[in-house]
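> what follows is a predicted structure for the sequence shown.
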Amino acid sequence: MPIHIVQLGSPRTPHEGLRLGTVRRPPRGVPKAEFASRDFYDTWVPVLSPSAELVAEAKAAEDEKDWETFRRKFKAEMNHPAPCQLLDLLAALSHQTSLAIGCYCKEERHCHRSVLRELLIARGAQVVAPQEV
């Protein structure tokens, strides 16, 4: 019953469970009533998304050094009490139920969800490996 790390808007996989949108903003042009049916998310959890300033930094990253700077800053944001507590909760829940967390980015490698994957694994969460998706 692990956590799946997904691209929001992609088709759901079997046994994925509740899908959490860890994004700063809801999907544009999609009515709220259709978020789940269009495979975006069931519940919006912006506390696990980068700040607006960090989103801009991530989008502007031109090389691995820039990306590593973003990763370091995002990890610092996730070290605040509310995100920390939520990550702990998700890690614990991963041993009881299936969940999915996601973002709109096409490539996980250069998306904050790769950092969330690391943070969850560090907390002992069961997380589906990228090749298992």
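Arrived safely, thanks for sending.
> residue contacts, the closest residue to Gln7 other than its chain neighbours?
Residue nearest to Gln7 in three dimensions, not counting chain neighbours: Gly102, with 6.0 Å by C-beta to C-beta, 6 or more residues apart in numbering. The way it works is simple: take the backbone N, C-alpha and C, and place the C-beta from them, glycine included. Each residue near Gly102 by C-beta atoms under 8 Å, 6 or more residues apart in numbering is listed here: Ile5, Val6, Gln7, Leu8, Ser10, Arg19, Leu20, Gly21, Thr22, Val23, Tyr41, Arg113.
> out of those residues, which is most surrounded?
Of all those, Gly21 has the most neighbours under the rule other C-beta atoms under 10 Å, reaching 27 neighbours.
> quick check, that one in contact with Tyr41.
Yes: contact criterion C-beta atoms under 8 Å: Gly21 and Tyr41 qualify, at 3.2 Å.
> before we move on, the earlier item: helix or strand for the residue nearest to Gln7, which one?
Gly102 belongs to strand 99-103 when elements are defined using DSSP states H and E.
> what is the mean pLDDT for that strand?
Mean pLDDT, computed over strand 99-103, is 96.
> ok, it: who's next to it in the sheet?
Using DSSP bridges, strand 99-103 pairs in its sheet with strand 3-7 (parallel), strand 18-21 (parallel).
> lowest confidence element among the helices and strands of the chain?
helix 52-60 (a mean of 91; mean pLDDT, DSSP states H and E).
> ok, back up a step: tabulate the strands paired with strand 99-103 (a markdown table), appending distance to Gly29.
Output for the strands paired with strand 99-103, formatted as a markdown table (distance: least, C-beta to C-beta, whole Å):
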| stretch | distance to Gly29 |
| --- | --- |
| strand 3-7 | 18 |
| strand 18-21 | 15 |
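> dump the residue contacts of Ser10.
Asp39, Gly102.
> ranges for the helices of the protein?
In chain order, the chain shows helices spanning 52-60, 64-77, 81-93, 112-122, with DSSP state H as the criterion.
> for this protein, give me the ranges with low pLDDT.
Applying pLDDT under 70 to the chain flags residues 131-133.
> perfect, I'm done here.
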